[in-house]
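Participant: Predicted model, plus sequence, below.
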Amino acid sequence: MTIDGSVILSVDLESEFLSDILITAFDKSYGGCWYWAIPAIEDWLKTDDLLDSMGSRLWWSVYIAEREDSSGNQWTVTRGSVLLGIQRAIEEVYPGVAQAVIEGDAGQFDATLADVIIQYAVFGKLVYG
């Protein structure tokens, strides 16, 4: 006898967790998305008044455009967008995402995995790399 089914887990992710993924994706020194994304405007980064455990301001959103896109598409990627990207990556069973979320460890999101999350958030699928 075979029993098939699914399990739905609910995990609360803190603002710092989601902000850390934005930082890993878009930090100037190591951001995982800069090979396909560019700042859409000069004032492309928004932070809020919340501080992380290190005393730095949490990232709220980034405003980006596609590097090779001549159509002018631009996106505001927020912490809510990151959450959506995580959900999509889990639905697609992308390796490492569910485990990092369940463990509550944003440190498991390296530049490559943060890029994956942002692509799922922006495009709904993986477009690059």
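Facilitator: Great, that's in hand. Residues are numbered from 1 along each chain as shown.

Participant: Measure how far the lowest-mean-pLDDT helix or strand in the chain is from the centre of its chain, please.
Facilitator: Between all helices and strands in the chain, the lowest mean by mean pLDDT, DSSP states H and E belongs to strand 45-51, at a mean of 87. On the basis of CA atoms, centre = their mean, to the nearest Å, strand 45-51 is displaced by 16 Å from the centre of the chain it belongs to.

Participant: Return the list of helices and strands in contact with that strand.
Facilitator: With contacts taken as 3 or more CB pairs under 8 Å, 6 or more residues apart in numbering; DSSP states H and E, strand 45-51 sits against helix 15-26, strand 57-66. Heads up, the C-betas are built off the backbone N, CA and C, glycines and all.

Participant: Check which residues of the first one are buried.
Facilitator: Neighbour-count burial for helix 15-26, with 16 or more other CB atoms under 10 Å as criterion, is recorded at 16, 17, 18, 19, 20, 21, 22, 23, 24, 25, 26.

Participant: Same check on the shortest one?
Facilitator: Of all the residues in strand 57-66, those buried under the rule 16+ other CB under 10 Å are 58, 59, 60, 61, 62, 63, 64, 65, 66.

Participant: for it, the distance to its chain's centre please.
Facilitator: With CA atoms, centre = their mean as the basis, strand 57-66 stands 10 Å off its chain's centre.

Participant: what lines up beside it in the sheet?
Facilitator: Each strand paired with strand 57-66, and its direction, by DSSP bridges: strand 37-39 (antiparallel), strand 45-51 (antiparallel), strand 74-78 (antiparallel).
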